[in-house]
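Student: For reference, the sequence and a predicted model appear below.
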Amino acid sequence: MKRIGLLTSGGDCQALNAAMRGVVKSILHGSDDVEIYGFLEGYKGLIYGNYKMLSSSDFSGILTKGGTILGSSRTPFKLMREPDENGLDKVEAMKHNYYKLNLDCLVILGGNGTHKTANLLRTEGLNVVTLPKTIDNDLWGTDMTFGFQSAVNIATDAIDCIHTTAASHGRVFIVEVMGHKVGWLTLNAGMAGGADIILIPEIPYDIKKVVKAIETRHKRGSRFTILAVAEGAISKEDAALSKKELKKKQEKRVYPSVSYQVAAEIQERSGLDVRVTVPGHTQRGGSPCPYDRVFASRLGSEAGKLIMKGEYGFMVGYKNREIVKVPLEDVAGKLKYVSPDATIIKEAKMLGISFGD
Ligand code: F6P
C-alpha cells in the first residue's frame, strides 16, 4: 500500500490539474493499492490537517480544467519557521500530519517559494517529489514550467488585440505582462505579439532611449508603437539604488504600477497619446493550452514513476528536451533569469526590438 499526499501551493496556473492527473493515473496504472490524500489550499492544508481522500474519479475530466481542484494559497517561506497566531509550529505541524497519516511521500506542485519549503520538508526527513508550475518560467533547474506556454498565449492575445486598436488610433500602447522578478513571459509574449519595445527586469531601461525608439518609429512612418512591459521592469536609475532606497522610493510611487509611470513619462517627453492595458490574472486563468496539457501530463507521469520506485527528494524538470530529475537542494532558493546576453535577446534586437538599454 502506498499513501500519497498531494498539494498545490503558491499562485495558481494552468495545467495544475493536468499534472496531478498525470501523477495519479501513472501510479494507478501500476497498482491499485494506493491511497491519495489531497491537502487543501497548499501548505495550509498540511499544516492544519485539512485534506480529502481522493479516488481515480476525482482525476477524471480535469485535464482541460484550469485552476486547481485542491485550491492554493501562499504561505511565505520566511514565515514557515514562525509560529502562527496560536503559537503553532508550522513545520512540526506538517511533520505531525504526514506521520499521523502514515504517508509514503508528498507530491508538491509549486513555484519558487513552494520549492524552498519542499526542500525544508526534505531536510526534516519527509519524502518529497515536486513538479514545477508557474507562468513565470523562472524556476531554476528546468527549461520549462507548466503554465508558462498558456500564459504566453493569453498575453500574446492581449497584445494582438491591442495592435489593431493602436494602429487605428495611432497611439502608443503599453501592455503590462506578469513577472515581478523575471521577464520570460514578457519577452516571449512581446516577441510573439510583435511588440516594438520590451522592458524586462533583467535589462534596466533608460526612458530617454524608450522615447527615442518610439520617435524613430514614428519618423519612419509608423503611426503607433506597442510596448510589452513586465510588472517588474525597472529603470537604470532605480536599478542603481540599494534595496532599501528602492523600497523607500516605491512606497512614495503615485502610479499603480511601473507601466503607468512609463506611460506618463513617454507622454510628457513626446506629447504622444499613451494608453495602458493590464491583462493581470487572466494570464493565469482558463484552460491549459495543448502544450501545457501534454507537458504537465508527462511530468506527472514521470513523478509517478519516481514514487513507484521510491525515489524521493527530486523535482521532475525538463532539460535539453528530456524529462529529468533535479535534486531539490539544487533547485530551492534559485531563480532562472533571462540573461541580457542571451541569444534570444540579440535576435530580438536584430529584429529592431528595443529593450530601452
Ligand atoms: O508567480 C506568478 C505570478 O502570477 C507573478 O507573475 C505575479 O507577479 C504574481 O504571481 C501575482 O501574485 P498574486 O496572485 O498573489 O497577486
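Tutor: Arrived safely.
Student: residues near the closest residue in space to Glu82 that isn't next to it in sequence, how many?
Tutor: Once flanking residues are discounted, Glu82 sits nearest to Lys90: 7.7 Å by Cβ to Cβ, 6 or more residues apart in numbering. No exception for glycine: its C-beta is placed from N, CA and C like everyone else's. Number of residues near Lys90 (other Cβ atoms under 10 Å) recorded here: 20.
Student: all helices for this structure, in order.
Tutor: 16-30, 43-48, 77-80, 90-100, 112-123, 148-169, 184-192, 207-219, 236-239, 243-251, 258-270, 290-309, 328-331, 343-350 (DSSP state H).
Student: If you check the chain against the ligand, which residue is the closest one?
Tutor: Closest contact between the chain and the ligand, by Cβ to the nearest ligand atom, is at Met178 (3.4 Å).
Student: before we move on, the earlier item: which ones are touching the residue nearest to Glu82?
Tutor: Lys90 sits next to 43, 47, 75, 79-84 when contact means Cβ atoms under 8 Å, 6 or more residues apart in numbering.
Student: Do I have it right that the residue of the chain closest to the ligand meets Val278?
Tutor: No: Met178 is beyond contact range of Val278, at 9.4 Å (criterion: Cβ atoms under 8 Å).
Student: Could you check which of the two has the larger neighbour count?
Tutor: Per other Cβ under 10 Å, whichever of Met178 and Val278 has more neighbours is Met178, with 24 against 19.
Student: so how many other residues sit close to the closest residue to the more buried one other than its chain neighbours?
Tutor: Closest residue in space to Met178, ignoring its immediate chain neighbours: Gln283 at 5.1 Å, by Cβ to Cβ, 6+ apart. Using other Cβ under 10 Å, Gln283 has 25 neighbouring residues.
Student: quick one: Gln283 from Gly45, how far?
Tutor: Distance from Gln283 to Gly45, counting by Cβ to Cβ, to the nearest Å: 25 Å.
Student: again, but for Thr145
Tutor: Separation of Thr145 from Gly45 (Cβ to Cβ) stands at 22 Å.
Student: So if I had to pick from these two, which one is more boxed in?
Tutor: Shown here are Thr145 and Gly45; by other Cβ under 10 Å, Thr145 has more neighbours (30 against 26).
Student: what pLDDT does that one get?
Tutor: We have a pLDDT of 98 for Thr145.
Student: ditto for the one 4 residues further on
Tutor: Model confidence at Gln149, given as pLDDT, is 98.
Student: Excluding chain neighbours, what is closest to it?
Tutor: Once flanking residues are discounted, Gln149 sits nearest to Tyr291: 4.4 Å by Cβ to Cβ, 6+ apart.
Student: and the one you found, what pLDDT?
Tutor: Tyr291 is given a pLDDT of 98.
Student: State whether it and Gly147 are indeed in contact, as I suppose.
Tutor: No: counting by Cβ under 8 Å, Tyr291 does not reach Gly147; the two are 10.6 Å apart.
Student: Between these two, which is the more surrounded one?
Tutor: Shown here are Tyr291 and Gly147; by other Cβ under 10 Å, Gly147 has more neighbours (31 against 16).
Student: Enumerate every residue touching the more buried one.
Tutor: Going by Cβ under 8 Å, 6+ apart, Gly147 touches 13-16, 133-135, 284, 288, 292.
Student: do Arg3 as well
Tutor: 34-35, 37, 101-104.
Student: what about 10 Å?
Tutor: Arg3 is in contact with 33-37, 98, 101-105, counting by Cβ atoms under 10 Å, 6 or more residues apart in numbering.
Student: okay if I get the residues you listed as JSON lines plus distance to Ala195, pLDDT and neighbour count?
Tutor: Supplementary listing: these in JSON lines, determined by distance: Cβ to Cβ, whole Å; pLDDT from 0 to 100; neighbours: other Cβ atoms under 10 Å:
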{"residue": "Asp33", "distance to Ala195": "53", "pLDDT": "91", "neighbour count": "10"}
{"residue": "Val34", "distance to Ala195": "47", "pLDDT": "95", "neighbour count": "19"}
{"residue": "Glu35", "distance to Ala195": "49", "pLDDT": "97", "neighbour count": "16"}
{"residue": "Ile36", "distance to Ala195": "43", "pLDDT": "97", "neighbour count": "23"}
{"residue": "Tyr37", "distance to Ala195": "45", "pLDDT": "98", "neighbour count": "20"}
{"residue": "Tyr98", "distance to Ala195": "46", "pLDDT": "98", "neighbour count": "24"}
{"residue": "Leu101", "distance to Ala195": "49", "pLDDT": "98", "neighbour count": "16"}
{"residue": "Asn102", "distance to Ala195": "53", "pLDDT": "98", "neighbour count": "9"}
{"residue": "Leu103", "distance to Ala195": "47", "pLDDT": "98", "neighbour count": "18"}
{"residue": "Asp104", "distance to Ala195": "48", "pLDDT": "98", "neighbour count": "17"}
{"residue": "Cys105", "distance to Ala195": "43", "pLDDT": "98", "neighbour count": "22"}
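Student: If anything else comes up later, I'll come back, but that's it for now.
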